[in-house]
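In: sequence below, structure please.
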Amino acid sequence: MRIFSTIPPEIIAKPDELARLATGYLHAVVAVNRLIMRRVAVPWLVDSGIRWRREPWSGHIEEFANYLTCLRRGWGDCDDIAGIRVAERKERLGDENCKFEIYWREDPVTGMPGFHAMVYPGRICFPGDSTLPEDPSRWLGMGAI
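Out: Take a look at the predicted model:
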């Protein structure tokens, strides 16, 4: 099933308003990814073969893709990847306090302003883990911020 929604730019155009709306969409994708992880044998994100890639329709359409979509096509953008990682920490590591944040920043590749999603672990789950922010998009090929 596909769900589409439109946001009227003449009414909602401020970056902080858009980030709050995007946060709601990404919460739904995290819930979908958790169900996928319960029902399908999917690899850990770092072993999945998924690479970070800007959406080809970027600037016109924002897609919040689930884990299976990213696996099938081999890529996801930062919100897709953050949604997978948060679900993974919650579902597989029991880190129920893990969360994400979507914020406005300058794109490291183009220099243009845009949104970025980061993961904030809620607790240490294994040796070498930390509660410092994670940027799984960087792990999977996105340029440095």
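
In: from here on, just use CA atoms for contacts and neighbour counts.
Out: Noted.

In: list the buried residues in the helix or strand of the chain with the lowest mean pLDDT.
Out: Counting by mean pLDDT, DSSP states H and E, the chain has its least confident helix or strand at strand 99-106, which shows a mean of 87. Going by neighbour count (16 or more other Cα atoms under 10 Å), the buried part of strand 99-106 is 99-103.

In: for stretch 126-140, same thing?
Out: 134-137, 140.

In: how about the helices in the chain?
Out: With DSSP state H as the criterion, the chain has helices at 15-39, 67-73, 78-93, 136-139.

In: need the residues that contact the shortest one.
Out: Okay, so that is helix 136-139. Here helix 136-139 makes contact (Cα atoms under 8 Å, 6 or more residues apart in numbering) with 46, 51-52, 77-78, 81-82, 85, 118-119, 144.

In: and it, C-alpha only, in PDB?
Out: Provided in PDB are the C-alpha atoms of helix 136-139 (Å, rounded to 0.1, in the frame of the first residue of the first chain):
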ATOM      1  CA  PRO A 136      24.000   6.100   9.800                       C
ATOM      2  CA  SER A 137      23.800   7.900   6.500                       C
ATOM      3  CA  ARG A 138      27.500   8.700   6.900                       C
ATOM      4  CA  TRP A 139      28.200   5.100   7.600                       C
END
